[in-house]
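In: heads up, no residue letters with this:
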């Protein structure tokens, strides 16, 4: 019986995918692990592979078509089957499916060993991976494949390019070069413009003494590293502190709707993260229900998946409040654009030693700038000020989180 090729579901929030490109033609032989087609969601590009050997029988959906999750896009003929075995339009489709779920794909990839390529040996790579390697100047022979049977896939090439930029990538362009918009870049651009045009963005900023939070982190660092295998960061602490402040001021954890203001019961903390293709926001869900060790571990795992381009839509959707940190670049203060449909976002600058007055005396203290961007349609200035007051208090006394 021919196998159905379906549009896979890559996450709970995915409803459809754009079939970007078929990698095989009708009648082409297919080996297990060969890429059948490339799909794109709002922020994820994924190569759909064949689960077994066969022949691509019939393509039902042309390139450039949006297909709902579970939609039939083609058939895979098993060995010995011919086009005559394919059902006619009037026949009900067979029950078996070639690509039923992301879990099945993930299991097959996880079971495959990584590629070990000797000098001069041909590299096993998908067509999209080869194309990206040429564009990015990545040597495929140096890339460790994570696909079926150690095949190099597009995500491996992107990860290699991100980890080790080539000299060509760092040089100034000799000629103008047009880079087509990816789905991610287009989505980021649209979201940014809508946030500016459709919300009443307003800003509020203050400085907080970071001495206590630095000391708190230092005391917990070895404990959490030993118990959770993750390194606690200032960002982890700031997300925890911010989540507690958001919970104390429910108006911050809201969304604007046509029917009214929607108050959300749980705080799902987004953390803004830049990739080569654009900005994404990995999410730590129910942050106020989690300890610092769990937050550190989840943040580490999310960042690793995102850098390797192996994140799923569920990893980067559903946040109710976002924190954006730029301390790693030495940026002291900045304002962040709202991450729609959220009502507020916090920008956290670098911790800088500054001269400040404490109890009438001039002292040097590690200070951090915190800037809130909020939608003034929902959040009044006084409410934003109360939130910032709570945030500053918790940041300067983080031990209260464990009380």
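Out: Perfect, thanks for sending it. As the structure is a prediction and not an experimental result, all values here were calculated from the model.

In: Show the end-to-end separation of stretch 263-273, please.
Out: When the termini of stretch 263-273 are compared using Cα to Cα, to the nearest Å, they are 26 Å apart.

In: Mind listing what's buried along it?
Out: Within stretch 263-273, the residues that count as buried by 16 or more other Cβ atoms under 10 Å are 264, 267, 268, 269, 270, 271, 272, 273. C-betas here are computed from N, CA, C, even on glycine.

In: So the fifth one sits against residue 280, correct?
Out: No - applying Cβ atoms under 8 Å, one finds residue 270 not in contact with residue 280, separated by 9.3 Å.

In: what residues do the two have in common as contacts?
Out: Residues touching both residue 270 and residue 280 by Cβ atoms under 8 Å, 6 or more residues apart in numbering: none at all.

In: mind checking which helix or strand residue 157 is in?
Out: helix 154-163 (DSSP states H and E).

In: Direction included, what does the biggest strand by length in the chain pair against?
Out: Secondary structure of the chain read by DSSP state E shows that its longest strand is strand 361-375. If you go by DSSP bridges, strand 361-375 pairs up with strand 201-209 (antiparallel), strand 344-348 (antiparallel), strand 352-358 (antiparallel).

In: Determine which stretch of these is the most buried.
Out: strand 344-348 (a mean of 26; mean count of other Cβ atoms under 10 Å).

In: End to end on stretch 285-299, go ahead and measure it.
Out: 11 Å.

In: Distance from that stretch to the middle of the chain?
Out: 17 Å (Cα atoms, centre = their mean, to the nearest Å).

In: ditto for stretch 32-43
Out: 18 Å.

In: try stretch 392-403
Out: Using Cα atoms, centre = their mean, the offset of stretch 392-403 from its chain centre is 29 Å.

In: next one: stretch 225-238
Out: 20 Å.

In: now do stretch 270-286
Out: Counting by Cα atoms, centre = their mean, stretch 270-286 comes out at 5 Å from the chain centroid.

In: what's the answer for stretch 188-206, then?
Out: 20 Å.

In: likewise stretch 59-78?
Out: 26 Å.

In: So for it, what gets flagged as buried?
Out: 59, 61, 67, 69, 71, 73, 74, 75, 76, 77.

In: can you give me the helices for the chain?
Out: Taking DSSP state H as the criterion, the chain contains helices spanning 102-110, 127-136, 154-163, 167-170, 183-198, 211-228, 234-248, 292-307, 381-396.

In: need the ones you listed in JSON lines with mean pLDDT, can you?
Out: Output for these, formatted as JSON lines (pLDDT from 0 to 100):
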{"stretch": "helix 102-110", "mean pLDDT": "40"}
{"stretch": "helix 127-136", "mean pLDDT": "70"}
{"stretch": "helix 154-163", "mean pLDDT": "70"}
{"stretch": "helix 167-170", "mean pLDDT": "51"}
{"stretch": "helix 183-198", "mean pLDDT": "84"}
{"stretch": "helix 211-228", "mean pLDDT": "95"}
{"stretch": "helix 234-248", "mean pLDDT": "97"}
{"stretch": "helix 292-307", "mean pLDDT": "92"}
{"stretch": "helix 381-396", "mean pLDDT": "97"}
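
In: Just send the ones you listed back as CSV, with distance to residue 32 and mean neighbour count too.
Out: Shown next, in CSV, are the helices of the chain (distance: least, Cβ to Cβ, whole Å; neighbours: other Cβ atoms under 10 Å):
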stretch, distance to residue 32, mean neighbour count
helix 102-110, 8, 14
helix 127-136, 16, 17
helix 154-163, 18, 20
helix 167-170, 34, 8
helix 183-198, 28, 15
helix 211-228, 37, 15
helix 234-248, 41, 23
helix 292-307, 25, 18
helix 381-396, 53, 17
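
In: Ok, which of those comes nearest residue 255?
Out: Evaluated over these, closeness to residue 255 peaks at helix 183-198, with 12.4 Å, by Cβ to Cβ.

In: Which neighbouring elements make contact with the closest one?
Out: strand 278-280 (3 or more Cβ pairs under 8 Å, 6 or more residues apart in numbering; DSSP states H and E).

In: Could you report the distance from the residue nearest to residue 202 when sequence neighbours are not counted to residue 77?
Out: Among residues not flanking residue 202 along the chain, residue 376 sits closest, at 4.3 Å (Cβ to Cβ, 6 or more residues apart in numbering). Using Cβ to Cβ, to the nearest Å, residue 376 is found at 60 Å from residue 77.
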